[in-house]
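*Asks:* sequence first, then the predicted structure, then my questions.
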Protein chains: 2
Amino acid sequence: MSKSKNQEGLSVKKEEDFSEWYNQVCLKAGLAEYSTVKGCMVIKPLGYSIWENIQKNFNKIIKSMGVRNAYFPLFIPESFFKKEATHAEGFTPEVAWLDKEVTGGEEKLAVRPTSETIMYDSYSRWIRSHRDLPLRINQWCNVVRWETKATRLFLRSREFLWQEGHCVYATAGECVKETIEYAKRYKKFIEEFLGIPILIGAKTDKEKFSGAETTYSVEAIMPDSKALQAGTSHDLGNNFAKAFGIQFEDKDKKLKYPFQNSWGISTRLIGALVMTHADDKGLVIPPKIADEKIVVVPIRFEQDKKVLVKSREIVKRLSKYNPILDERLEVTPGYKFNEWELKGVPVRIEIGPKDLEKKECILFFRDSLEKKVVKIKDLEKVVSQELIFMQKRMFEKAKKVLESKLDTAESLEELNKKIKQGKIVLVPLENSKEVEDILKDKLEGVKTLNRPFKQPNLINKKCIISGKSAAYWVYVGRSY
Amino acid sequence: MSKSKNQEGLSVKKEEDFSEWYNQVCLKAGLAEYSTVKGCMVIKPLGYSIWENIQKNFNKIIKSMGVRNAYFPLFIPESFFKKEATHAEGFTPEVAWLDKEVTGGEEKLAVRPTSETIMYDSYSRWIRSHRDLPLRINQWCNVVRWETKATRLFLRSREFLWQEGHCVYATAGECVKETIEYAKRYKKFIEEFLGIPILIGAKTDKEKFSGAETTYSVEAIMPDSKALQAGTSHDLGNNFAKAFGIQFEDKDKKLKYPFQNSWGISTRLIGALVMTHADDKGLVIPPKIADEKIVVVPIRFEQDKKVLVKSREIVKRLSKYNPILDERLEVTPGYKFNEWELKGVPVRIEIGPKDLEKKECILFFRDSLEKKVVKIKDLEKVVSQELIFMQKRMFEKAKKVLESKLDTAESLEELNKKIKQGKIVLVPLENSKEVEDILKDKLEGVKTLNRPFKQPNLINKKCIISGKSAAYWVYVGRSY
């Protein structure tokens, strides 16, 4: 934020100390900062602009699917939590309650950790007939989970921002189909817009959402080989409908419990974006999600007014990319280059008196760090193409990293070896919580991520823990 | 929300029981509902779509003024509140605190009622030099004020949504200028987009924001002659800068306290929109703020497929207005007309077999309830014009109502008489809290609204309460 201090670059390299590097990118690029309020973060304008672009683009997707946005109360009565037993159990440890003096004689109130219960209370009044279905509602809001572990910007904080979609269907079939569809849209959105390749699949029973029948997840694999759960879509069956008394009269005039799902992505995605794309010079924002896609840095414009005039003309011509014009006099072009590289602006345009004579300018691409000389008259066309190339290049690069990390193992020993090599490993496993507990215990912190939709052949495959017939292939690894 | 139940119209008229009518419009049009959580409301998709359009359009305005969006924590430490004494005093009664068991040994935390303190704590780290100024930050968020009075949808609830802008300047002059500018932008935005005419001016010292030097407000006058404070812009002077230790090194190398403002509009605006424009048939949404500006109702399309084909073609041609196509078979066209009138869709297009033969369709305008026959080929042009006319017509109509309610008085007796006639009255008043207390006491609930920027002549005018020389002309009336 500060324009006054000398812009400090990163003091560690991504390869050297990944965790410290991540922290420095978030802080020094101006994405976020730690708040004086323990466990909470401040999302600074650059970070928030990424979130706004996530919102804008994801809203288009869900609106095309018939989802409408709404807003439900921040506070949830204790009795609502208790209605769905597994759900209550899952969230209780991290719920923040209001002071009893505030609520007085009224019921104890929680600050929402998620909104299933408060929304489904409304749904029980809204839904009467099969004609009210499907009902597809989403909300963008803040949620609170009273984490006791140390805060990590975007990755773990007591408050974060997210969207939570909550849909209701007449049949289990429709519900399952759309639950999977939302997970697929997450994958597509995160890959296309954030340039982060995704492993999509179903969670094991042990790792599914509290109260769900099945949880589908999209997992991103970070350069330090830890998985980051980037989004989830939960098939809730009719568990919540029963708990909240949501019933509808079907075409056959019978009263039935409908089927529900919920699905969410959060400001975590910004953390995934940083880890995936940033480098030793700072942040790199994929063009599609960058608010300001271009910065124009005029060179020696103090001596040559024409440079500034042309720069302003370029800014005007490229206005749809929301370009920044850096006309500061108090800092050198080199300083400006460093600053905008730190902040991750996708394309820099440099233009000085000599370029102007040749009717040229220089494009610099933040991801590849390469430069290209371009005729000024061709700028619109070239910039448009190059932004597309960059978006694609960033995804392809990240995809190669992901692919290099994927492996399979058919024994605990082999798994252990591959985990140590920094792999995310597909293993055959029995469907059993005990087996997963043992896995986590034996290979400290290693857990199941998800079961890919496309399963390799399972015939004669044995669970690497129990030795019994495996139920599925599942990715395992450490995770955020 | 329910598509199944018979759409019930309003059972009272606006003229008969304004308060009940308002409630029915909000509930039956599907804008919002009371939550099971006492004092909180659920903003349903139609209500939220209006809020999204307010956000989208107002964001454009503030971004053009150099404001950037960010996000600060929901929780505020008790010590932050106490730093600015007047501010603390003003908010303490309605603050919702977290349970001490949650915060444990840590400091007591409040759910934000407003974010001056938490933001200025960050500002004290962000601002170092005159080059960091002006700093212009805004956030869209939820805030909580533990009201004890009964909830009124959009008007009074324990949680509401708003934007709060918080800017910092090197000089008092810049600060005052922009504080007034934000109030002016509110007026312009609310008049142009929501079609609600505004009285702009400064609050008296008694009614200003806790901690402010001066508060500017935009007041809307409702049909029941009560004022609704639609937005405020506070000049905070350097009170908060001193309290939070925000200092900058100026060009003269001296360390100085900067000057600050804060300004906000909230989901209250939706309440103002309902009261201003809705009628006995339900909601009327000004076209510029309506998400779905058109509904196409095909008539007798079951018998004549061509009607449906043409209707779909029309929807496609008018896609930029986000039109609804109501092809339901289970309800009659009359039912559909009532439903979309209740929900306030600006323009209805009716098309049946006979219209089709003549290559015509019928436009129905929600505000005037008038119809117009239009050649189908001219639809784009006519709809585009008519939406502009409607927006203007709605504002002009509301402006006439406002003007009919404005009056002046130069004695308490005259004021009393005019208040009883349903007027908002401009009176000469002394600048004194005691005088305002007496006013409120003598004319139950009547209070000062704001002092218009354009003041009538004050020479020889006496305060209507004290009889001493008046300090200003100020609007007085009852208010929400």
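*Replies:* Thanks, I have it.

*Asks:* my read: A:Thr276 touches A:Gly195, true?
*Replies:* Yes: taking C-beta atoms under 8 Å as the definition, A:Thr276 is a contact partner of A:Gly195 at 7.2 Å. Bear in mind the C-beta positions are built from the backbone N, C-alpha and C, glycine included.

*Asks:* overlap in contacts of those two?
*Replies:* A:Ala398 (C-beta atoms under 8 Å, 6 or more residues apart in numbering or on different chains).

*Asks:* tell me where the stretch 251-400 of chain A has helices.
*Replies:* Along the stretch 251-400 of chain A, counting by DSSP state H, counting those that start in this stretch, helices occupy A:268-277, A:305-317, A:333-343, A:353-357, A:379-405.

*Asks:* more crowded one of A:Thr276 and A:Gly195?
*Replies:* Each of A:Thr276 and A:Gly195 has its neighbours counted (other C-beta atoms under 10 Å in any protein chain shown); A:Gly195 has more, 27 against 24.

*Asks:* ok, that one touching A:Leu402?
*Replies:* No: with contact defined as C-beta under 8 Å, A:Gly195 does not count as touching A:Leu402 (11.5 Å).

*Asks:* enumerate the residues of the stretch 251-400 of chain A near chain B.
*Replies:* Contacts of the stretch 251-400 of chain A with chain B, taken as C-beta under 8 Å from any C-beta of the partner chain, map to A:Glu330.

*Asks:* picking up where we left off before, rebuild the helices of the stretch 251-400 of chain A as TSV, extending it with mean pLDDT.
*Replies:* Converted to TSV, the helices of the stretch 251-400 of chain A look like this (pLDDT from 0 to 100):
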stretch	mean pLDDT
helix A:268-277	98
helix A:305-317	97
helix A:333-343	97
helix A:353-357	96
helix A:379-405	98
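
*Asks:* do a quick rundown of the helices in the stretch 101-250 of chain A.
*Replies:* Under the criterion DSSP H, counting those that start in this stretch, the stretch 101-250 of chain A contains helices at A:116-126, A:172-193, A:239-244.

*Asks:* residues of the first one that come out buried?
*Replies:* This points to helix A:116-126. Residues A:116-124, A:126 are the ones in helix A:116-126 that count as buried (16 or more other C-beta atoms under 10 Å in any protein chain shown).

*Asks:* closest to chain B among those?
*Replies:* A:Trp126 (4.4 Å; C-beta to the nearest C-beta).

*Asks:* just to revisit the earlier point, the helices of the stretch 101-250 of chain A: which one's closest to chain B?
*Replies:* For those, proximity to chain B was assessed by C-beta to the nearest C-beta; helix A:116-126 is nearest, at 4.4 Å.

*Asks:* thinking again about what came up before, make CSV out of the helices of the stretch 251-400 of chain A and add distance to B:Pro287.
*Replies:* Formatted as CSV, those follow (distance: least, C-beta to C-beta, whole Å):
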stretch, distance to B:Pro287
helix A:268-277, 35
helix A:305-317, 30
helix A:333-343, 39
helix A:353-357, 47
helix A:379-405, 33
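
*Asks:* just name the most buried of these.
*Replies:* Here the criterion is mean neighbour count by mean count of other C-beta atoms under 10 Å in any protein chain shown, and of those the winner is helix A:268-277, at a mean of 25.

*Asks:* list the contacts of the most centrally placed residue in chain A.
*Replies:* The centre of chain A sits closest to A:Leu269, judged by C-alpha atoms, centre = their mean, with a distance of 2.2 Å. Contacts of A:Leu269 were listed using C-beta under 8 Å, 6+ apart, and they are A:54, A:190, A:194, A:230-231.

*Asks:* so how far is chain B from it?
*Replies:* For A:Leu269, the distance to chain B equals 14 Å [C-beta to the nearest C-beta, to the nearest Å].

*Asks:* how far away is that residue from A:Ala110?
*Replies:* As judged by C-beta to C-beta, to the nearest Å, A:Leu269 and A:Ala110 stand 25 Å apart.

*Asks:* can you name the residue of the stretch 101-250 of chain A nearest chain B?
*Replies:* The nearest approach of the stretch 101-250 of chain A to chain B comes at A:Ser129, 3.2 Å away (C-beta to the nearest C-beta).

*Asks:* bridging residues for that residue?
*Replies:* Here A:Ser129 shows beta-bridge partners A:Glu249, assigned using DSSP bridges.

*Asks:* okay, it: pLDDT?
*Replies:* Reported pLDDT at A:Ser129 in the predicted model: 97.

*Asks:* quick one: furthest residue from the center of chain A?
*Replies:* Largest separation from the mean C-alpha position in chain A: A:Gln303, at 45.9 Å (C-alpha atoms, centre = their mean).

*Asks:* got the contact list for the closest residue to A:Pro452 other than its chain neighbours?
*Replies:* Nearest residue to A:Pro452, sequence neighbours excluded (C-beta to C-beta, 6 or more residues apart in numbering or on different chains): A:Gly201, at 4.4 Å. With contact taken as C-beta under 8 Å, 6+ apart, A:Gly201 is in contact with A:216-217, A:219, A:449-453, A:474-475.

*Asks:* want to throw those residues into a markdown table with pLDDT and neighbour count?
*Replies:* Shown next, in a markdown table, are those (pLDDT from 0 to 100; neighbours: other C-beta atoms under 10 Å in any protein chain shown):
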| residue | pLDDT | neighbour count |
| --- | --- | --- |
| A:Tyr216 | 98 | 30 |
| A:Ser217 | 98 | 26 |
| A:Glu219 | 98 | 24 |
| A:Leu449 | 98 | 26 |
| A:Asn450 | 97 | 25 |
| A:Arg451 | 98 | 21 |
| A:Pro452 | 97 | 17 |
| A:Phe453 | 95 | 13 |
| A:Val474 | 98 | 26 |
| A:Tyr475 | 98 | 22 |
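
*Asks:* out of the residues you listed, who's nearest A:Leu412?
*Replies:* Here the nearest of the contacts of A:Gly201 to A:Leu412, counting by C-beta to C-beta, is A:Val474; it sits at 14.0 Å.

*Asks:* the one helix or strand that closest one maps to vs helix A:379-405, what angle?
*Replies:* Using DSSP states H and E, A:Val474 maps to strand A:472-477. Counting by axes from the mean of the first three to the mean of the last three C-alpha atoms, to 10 degrees, strand A:472-477 points 110 degrees away from the direction of helix A:379-405.

*Asks:* and strand A:472-477, which strands flank it?
*Replies:* Applying DSSP bridges, strand A:472-477 is found paired with strand A:424-429 (antiparallel), strand A:447-448 (antiparallel).

*Asks:* pick the most deeply packed of those.
*Replies:* For the strands paired with strand A:472-477, the highest mean count by mean count of other C-beta under 10 Å goes to strand A:424-429, at a mean of 24.

*Asks:* list the buried residues for the next helix or strand along the chain from that one?
*Replies:* Downstream of strand A:424-429, the next assigned helix or strand under DSSP H and E is helix A:433-442. For helix A:433-442, the neighbour count (16+ other C-beta under 10 Å) marks A:435-436, A:439 as buried.
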